[in-house]
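**Student:** Pasting the sequence and the predicted model now:
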4 protein chains.
Amino acid sequence: MDVLAASALKKVRVSTLLTREKIISAATYEFAEKGYDGARMDEIALRAGIQKNVLYYYFKSKDGLYTEVLISTYELIRFSQAESKINFDDPVEGMRKLVYSIGKIWFEHPEFLRLLQSENILRGRHIKASRKIPDLYSPLMDSIKKLLRNGVDKKVFRKEVDPIDLYISITSLSAHYVSHQHTFEGIFKSKLMTSPRIRKRLTHCAEMVVRYLLVSNDSLNKGAKHVSSK
Amino acid sequence: MDVLAASALKKVRVSTLLTREKIISAATYEFAEKGYDGARMDEIALRAGIQKNVLYYYFKSKDGLYTEVLISTYELIRFSQAESKINFDDPVEGMRKLVYSIGKIWFEHPEFLRLLQSENILRGRHIKASRKIPDLYSPLMDSIKKLLRNGVDKKVFRKEVDPIDLYISITSLSAHYVSHQHTFEGIFKSKLMTSPRIRKRLTHCAEMVVRYLLVSNDSLNKGAKHVSSK
Amino acid sequence: MDVLAASALKKVRVSTLLTREKIISAATYEFAEKGYDGARMDEIALRAGIQKNVLYYYFKSKDGLYTEVLISTYELIRFSQAESKINFDDPVEGMRKLVYSIGKIWFEHPEFLRLLQSENILRGRHIKASRKIPDLYSPLMDSIKKLLRNGVDKKVFRKEVDPIDLYISITSLSAHYVSHQHTFEGIFKSKLMTSPRIRKRLTHCAEMVVRYLLVSNDSLNKGAKHVSSK
Amino acid sequence: MDVLAASALKKVRVSTLLTREKIISAATYEFAEKGYDGARMDEIALRAGIQKNVLYYYFKSKDGLYTEVLISTYELIRFSQAESKINFDDPVEGMRKLVYSIGKIWFEHPEFLRLLQSENILRGRHIKASRKIPDLYSPLMDSIKKLLRNGVDKKVFRKEVDPIDLYISITSLSAHYVSHQHTFEGIFKSKLMTSPRIRKRLTHCAEMVVRYLLVSNDSLNKGAKHVSSK
DNA sequence: GATGAATGAGGGTTCATTCAT
DNA sequence: TATGAATGAACCCTCATTCAT
């Protein structure tokens, strides 16, 4: 939309902007589908309906294009995460909703995960080189912190919870399920991506998070801080 | 070891067996390092100290080699998981230990995760084609079930827990942390792989799992089965 | 020639067209020289004075290139065959001339035969896959039919002659001599490709065809239709 | 048979001889099927049921093996040609029978032709290097000469016929039909290898040869020795 | 900005042949 | 003799990238 607004001012650049979007879109698909190394510039150009050469005109290199794809993907994730309306006055239900909503994003957009996975195999090569990406701090973090604070205030959540670990756990519980579906299905020989199974999984994730936060069973765990490592 | 024993009897086959091992070892490294598409057969041959075409003599193709690498990796994971001695008489501590032990495997062998990730990007192409891999059912599952049963018998664990979801969650909480370390570090701008941070994470994982299982806070969650989807 | 005319208008495409021609020419030589399997893409690129991968840019694969070479060869053969001016009013002399002319093509362009031979060893793999080649119907066939008709009208040729068998025979008598020159020379220990020997052969071929067609000795062969097979 | 006789004397070598036969047989198939360059030593070893290495033990190289295959093929052809019983007292019928019999060999053993073709593409490389092959002079030549002589004596055949050209023509008329069946079928879009079509062809060949030889139409062709070349 | 042609390096795979046993 | 492992050269083909227009 900003794109259209900007283009209203400079009519000349419309096609350029559209071309850029088309490339990003095609590239996102290709990179998500095959990973960085498996993706082909030819395929991206073909899908975008442009000449291979234009890719280089706009993005300079495969790495450059991949970086832009990552940025736009992060933006989409952030945008998606910001969308779900959380009721912060009911921390328990709010948290459940939060976990559920985040999980849904992965199930609906597994291509996001594949992009992140690919980038992690490359050891964060592009993310670390880019100056823009680190700013993409997630608003989700704010939601988590707010819910956590409200829960503690209302004496339903424990105090000692690290929001970063919680953030990672919330993401992990659903994301890993999605991103490793094929190997898990290989092991368990059962379909993991049917609609009911997905709902079951999301409920499980929400339950796990909420039960982790609740104060009620604190008494049982006194003294148990660290497990002795082998 | 059996290899060496056998070779003591028939000197002939030593080199063959060693060659195979050398290739698998070099290939595991290369595939884990670069992913399937990024890995180079030349590099594997070089690392294994053999001619490139010997790879094809033993494994027929890159796909074939990758499949064998996956199999051997699964075996190593299974072997690692089986190693940790769990005290089944104390379900709570046993489960804590279990989660911790499994987590440690990922931290100590992140290459396993990279292999699985790469395979998942390929949509389980090799795992599904292989007839051997699905049999690599994890003994870890048995440990989880046994602990769960004992916990229920002793009235400390809840009854309604699905062992498969639990298995996936236990794996997810630590594995996703490891496999997405680079993008997480990009977002949080903090080191996630230092020794104390890792211990903290593992403790968090164990806590999360145990608190999910305990009966004590059941009363608080009555009626909350499913979260209404958006 | 049209190529040059066209290029006069649009300078841009000259190199492209030339490149294509250069490749076809180099490939024709290489394939004729060594057969399909013996031919080397490297060698073709070298001979055409281009990069190896340009071959693939233009023709996609070795098979694709070979198919185009076959097409262009068929066109050249057809063109060569169409060139000789036959006197249709004198069927006997016309036929003699026809046989002689066709034969000359093989002697002058043995590479055509080697290409066809190679394709036949491959069981017509490319010819059958190509949609263009079957249209390359020979105008030679028309000449044969016309001569045959005129000869019958003038009562010098017999009526019962099958033009397809005649076509094949005319081709065989000279083509097989050329294409099997090396094994024949091995057997007969005599030079078969000297100028006088070639002329002698071509005369022989023409004689054979004409005598086959003449009505005069029909009486002698009455009743002899089929030979009893062994 | 000689093989068995020889082996009776030296029992030890039976397996060797059998191995040799097996290899020749497998190699003949492979070379005829794919041509020299298309043939694979692995495939031959596999088909012969032996180790790849043994091929080299027996035949030293691919070229060596191919040469032996050619020799044995020539012997088979000669043997086949010698088999048909010709009635020399009736030159016309005898010649018809001869042409027919020779043709049948090609139809029944197209692999012979493919071997010869392949060798001709290689410009008789092996045949010329071998000291044995030139001796394989065909007894067929003797039959042709004898028939020719008898025909002349009986005043049914012309005198001026060159037996070598006749030999080549007899072979060409049927051999070329077989060896170029795929390209001919591509051009004519009709099946050439059905049983009735083959019989028709063979009859055509015999007719052509006989009519060429008969004296009866000599008067019509007086003075026509050479066609003026273009 | 956009196009088609070209580049150079290398990527997986194959093959005839030989070595060690 | 026969076997399995290994060799080295090359083969077809692909890919990211750039040039000339």
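**Tutor:** Now that the structure is in, tell me what you want to look at.

**Student:** right, and A:Asn120 touches B:His180 too?
**Tutor:** Yes - in terms of C-beta atoms under 8 Å, A:Asn120 counts as a neighbour of B:His180; the distance is 5.4 Å. Bear in mind the C-beta positions are built from the backbone N, C-alpha and C, glycine included.

**Student:** Between the two, point out the one with more neighbours.
**Tutor:** More neighbours surround B:His180 than the other of A:Asn120 and B:His180, with 27 against 24 (other C-beta atoms under 10 Å in any protein chain shown).

**Student:** Could you measure from the more buried one over to chain C?
**Tutor:** 38 Å (C-beta to the nearest C-beta, to the nearest Å).

**Student:** and the most centrally placed residue in chain A, what is it in contact with?
**Tutor:** Residue closest to the average C-alpha location in chain A (C-alpha atoms, centre = their mean): A:Ile77, at 5.1 Å. By C-beta atoms under 8 Å, 6 or more residues apart in numbering or on different chains, A:Ile77 lies in contact with A:105, A:109, A:112, A:138.

**Student:** Need the max-distance pair from those.
**Tutor:** Using C-beta to C-beta, the contacts of A:Ile77 span at most 15.2 Å, a distance reached by A:His109 and A:Ser138.

**Student:** which of the residues in the longest helix along chain A are buried?
**Tutor:** For chain A, the longest helix by residue count, based on DSSP state H, is helix A:14-38. By 16 or more other C-beta atoms under 10 Å in any protein chain shown, the buried positions in helix A:14-38 come out as A:19-20, A:22-24, A:26-32, A:34-38.

**Student:** what do you get for stretch A:119-133?
**Tutor:** A:119-122, A:124-127, A:130, A:133.

**Student:** for stretch A:196-208, same thing?
**Tutor:** Going by neighbour count (16+ other C-beta under 10 Å), the buried part of stretch A:196-208 is A:198-208.

**Student:** Mind putting those into CSV with pLDDT, secondary structure and distance to D:Lys97?
**Tutor:** Below are those laid out as CSV (pLDDT from 0 to 100; DSSP: H, G, I helix; E, B strand; the rest coil; distance: C-beta to C-beta, whole Å):
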residue, pLDDT, secondary structure, distance to D:Lys97
A:Ile198, 97, helix, 82
A:Arg199, 96, helix, 86
A:Lys200, 97, helix, 85
A:Arg201, 97, helix, 84
A:Leu202, 97, helix, 88
A:Thr203, 97, helix, 91
A:His204, 97, helix, 89
A:Cys205, 98, helix, 90
A:Ala206, 97, helix, 94
A:Glu207, 96, helix, 94
A:Met208, 97, helix, 93
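
**Student:** Those also near chain B: which ones?
**Tutor:** Contacts with chain B within the buried residues of stretch A:196-208, counted by C-beta under 8 Å from any C-beta of the partner chain: A:199-208.

**Student:** List, one by one, the residues from chain A near DNA strand F.
**Tutor:** Taking C-beta under 7 Å from any atom of the strand as the criterion, chain A approaches DNA strand F at residues A:39-42, A:52-53, A:56, A:61-63.

**Student:** now that we have those, which one has the most neighbours?
**Tutor:** That'd be A:Ala39 among the residues of chain A next to DNA strand F, by other C-beta under 10 Å, with 22 neighbours.
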